[in-house]
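Undergrad: Below is the structure, and that's it, no one-letter string:
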Ligand SMILES: NC(=O)c1ccc[n+]([C@@H]2O[C@H](COP(=O)([O-])OP(=O)(O)OC[C@H]3O[C@@H](n4cnc5c(N)ncnc54)[C@H](O)[C@@H]3O)[C@@H](O)[C@H]2O)c1
């Protein structure tokens with residue numbers, strides 16, 4: 001297969017590139033390194049990397065014309081500055097439109113997208129959330145530029161008429177992950193800074209489990225439309241913190257402070273993976289403690305200079 005991966009230098013995109021290359025496929029990555037890292041892609045004879053933004057239609061068209069992909073995994077996303085609505089629209093909406101126009105022109109046989117579960121709003125009407133849940137149920141106050149623009153992008157993918165699978169994801173974690181609570185805990189704990197945890201719960205999906213499901217989709221399993229990738233059960237952020245402490249083999253003098261969540265945050269997001277389990281013959285299998293250990297090993301080796309979040313109410317940036 002020839003697979004074009006936008007955001008292929010990022011966390012999820014680079015793991016997928018590694019897996020595809022290890023199976024003998026050809027990969028072209030487009031990334032502007034907003035939140036990705038050059039080092040996430042190891043040089044390989046079947047790998048081409050294009051540095052640039054998907055908001056640039058000429059750059060996107062040139063990449064498609066030269067690589068002629070069979071399939072596209074659209075993993076690029078903008079989210080790191082919640083006030084920069086323009087960048088979110090350029091990347092998540094216009095960038096997606098550019099990708100879909102080029103994918104249509106080249107008759108790409110499948111496009112895979114990663115959507116945030118925040119598309120269901122901040123106050124979901126059910127737990128676990130099923131695929132029938134309305135987008136932005138109307139009961140959600142707040143929301144974010146990230147969730148709005150990602151949802152706009154997702155709708156253009158459907159509008160294109162091409163075959164697509166949009167995976168709405170639980171919180172992915174693992175080596176190379178620089179967003180969410182785990183890298184923040186690691187970078188604070190490893191530099192002797194105090195931590196706090198929010199009173200929220202999340203379903204954590206290990207990146208290699210996630211990649212396994214995406215590979216099944218690239219190999220033709222599943223049908224056009226929407227799916228959830230999740231384990232189906234949630235943990236409190238305090239439990240995640242406690243496992244991090246354990247993996248780092250440190251003992252704190254007092255228990256970590258638990259803080260109320262911010263206005264644009266949601267208490268728990270449990271999304272129902274049953275259709276994915278069935279259609280992709282797939283189930284998440286990595287235990288949280290193992291995944292945390294793997295992530296921490298990577299942080300120790302590679303360091304963290306920056307972490308990213310789409311949330312507004314966040315501790316001081318570092
Ligand atoms: N990680 C999660 O838990 C999670 C949850 C829900 C959805 N997603 C979605 O999964 C996808 C991958 O996320 P990730 O966790 O790997 O994040 P990431 O930040 O590691 O990867 C995103 C990549 O896109 C690149 N990028 C940003 N703007 C770009 C542009 N204009 N042109 C080209 N490249 C650009 C970044 O540099 C980065 O390498 C994203 O679409 C994200 O919205 C992730």
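TA: Perfect, thanks for sending it. Quantities reported herein were computed from a predicted structural model and do not represent experimental measurements.

Undergrad: which residues of this structure score low on pLDDT?
TA: By pLDDT under 70, the weakly predicted segments of the chain are 137-142, 264, 311-318.

Undergrad: who in it is up against the ligand?
TA: Residues of the chain lying close to the ligand (CB under 6 Å from any ligand atom) are 6-7, 9-13, 30-36, 53-55, 75-78, 91, 95, 114, 116, 150, 169, 171-172, 179. Just so you know, the C-beta spots here come from the backbone N, C-alpha and C atoms, and that holds for glycine as well.

Undergrad: what about burial for these, which qualify?
TA: 6-7, 9-13, 30-32, 34-36, 53-55, 75-78, 91, 95, 114, 116, 150, 169, 171-172, 179 (16 or more other CB atoms under 10 Å).

Undergrad: taking these one by one, which sit in strands?
TA: Counting by DSSP state E, those place 6, 30, 31, 114, 116, 169, 171, 172 in strands.

Undergrad: pretty sure the fourth one is touching residue 12, no?
TA: Yes: assessed by CB atoms under 8 Å, residue 114 is found in contact with residue 12 at 6.5 Å.

Undergrad: what do those two both touch?
TA: residue 75 (CB atoms under 8 Å, 6 or more residues apart in numbering).

Undergrad: Okay, buried residues for the strand or helix carrying residue 98 please.
TA: In this structure, residue 98 sits in helix 96-105 according to DSSP states H and E. With burial defined by 16+ other CB under 10 Å, the residues of helix 96-105 counted as buried are 96, 97, 98, 99, 100, 101, 102, 103.

Undergrad: Also stretch 64-80?
TA: By 16+ other CB under 10 Å, the buried positions in stretch 64-80 come out as 64, 67, 69-80.

Undergrad: Over to stretch 105-124?
TA: Those would be 106, 108, 110-122, 124, for stretch 105-124 by 16+ other CB under 10 Å.

Undergrad: which of those residues lies closest to the ligand?
TA: residue 114 (3.2 Å; CB to the nearest ligand atom).

Undergrad: give me the beta-bridge partners of the closest one?
TA: residue 167 (DSSP bridges).

Undergrad: so what's it up against?
TA: Taking CB under 8 Å, 6+ apart, one finds 12, 74, 75, 77, 166, 167, 169 in contact with residue 114.

Undergrad: what's near enough to touch the closest residue to residue 102 other than its chain neighbours?
TA: The spatially closest residue to residue 102, leaving aside those adjacent along the chain, is residue 64, at 4.2 Å (CB to CB, 6 or more residues apart in numbering). Residues in contact with residue 64 (CB under 8 Å, 6+ apart) are 4, 102, 103, 105, 106.

Undergrad: so the first one sits in a strand?
TA: This means residue 4. Yes: assessed with DSSP: H, G, I helix; E, B strand; the rest coil, residue 4 lies in a strand.
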